[in-house]
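Participant: Kindly generate the corresponding structure for this input.
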Amino acid sequence: MLDDFYREKLVNAFIYFVKNINRANTTKLMKLLHYFDFLHFKQTGIPALGLEYYTFQRGPVPKEFWLEIKEGNLPLDLKRKIFVEKVEKDDNPDYKEYIFKVKQGIKPNLEIFTPKELDILKDLVYTWKDATAEMMTEATHFKGTPWEKTKSTKGLNQLIDYFFALDMESPISKEQAQFLNTEFGQVFKNFNRLK
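Facilitator: Numbers count the residues shown, from 1 in each chain. You can find the predicted model right below:
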């Protein structure tokens, strides 16, 4: 029940980003999902989507979701709403890029998001709409980012701790976030038992 709710939020966030950014490729979309989750956590103590992100070479990646879409093969819940164009270069046979596009008439269900989540989604689109994947990769590698902190302490292919998003600018303390996540985790566990 709650898993379905978060999957629906993921699908609608993905559609929102694809519909509102330029050149919506896999790298850009993985970065936007990361920013959405980690900015929401930084501001509220709870991630927006609750995906698990790992330190890949090019930045933070929600590994499980990335595996679903990495070769342009979409799961059914996305395939109904999105299509993929594969881009190749004649001068580089190893190059391949997947560009995601929303099917005609499809709109994200924005009612599933809180006002705070909507603000973050809109801000992310405003900030990154025209950015290249390379620009976004560079930004996630800055010193002090959750990806950089995890990579420097644990290495590549390691789970990124959401608590690395908390800093001096966070309106919430680490203790408050721990309390909220403990409570949220219990609610999540109880809802899953009701299935």
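Participant: make it CA atoms for all contacts and neighbour counts henceforth
Facilitator: Noted.
Participant: How about the secondary structure of the residue nearest to G50 when sequence neighbours are not counted?
Facilitator: Residue nearest to G50 in three dimensions, not counting chain neighbours: D37, with 6.7 Å by Cα to Cα, 6 or more residues apart in numbering. Three-state assignment for D37 (DSSP: H, G, I helix; E, B strand; the rest coil): helix.
Participant: D37 against P47, yeah?
Facilitator: Yes - if you go by Cα atoms under 8 Å, D37 and P47 touch, sitting 4.7 Å apart.
Participant: Comparing these two, which residue is more hemmed in?
Facilitator: Neighbour count, other Cα atoms under 10 Å: between D37 and P47, D37 has more, with 22 against 19.
Participant: Tell me the confidence at the more buried one?
Facilitator: The per-residue pLDDT reported for D37 equals 97.
Participant: And M136, by the same measure?
Facilitator: 89.
Participant: Please give the element, helix or strand, for it.
Facilitator: helix 133-140 (DSSP states H and E).
Participant: swap in Q43?
Facilitator: helix 26-44.
Participant: tell me the angle the top strand by length along the chain makes with helix 26-44.
Facilitator: Counting residues, the longest strand found in the chain (DSSP state E) is strand 92-102. Angle between the axes of strand 92-102 and helix 26-44 is 50 degrees (criterion: axes from the mean of the first three to the mean of the last three Cα atoms, to 10 degrees).
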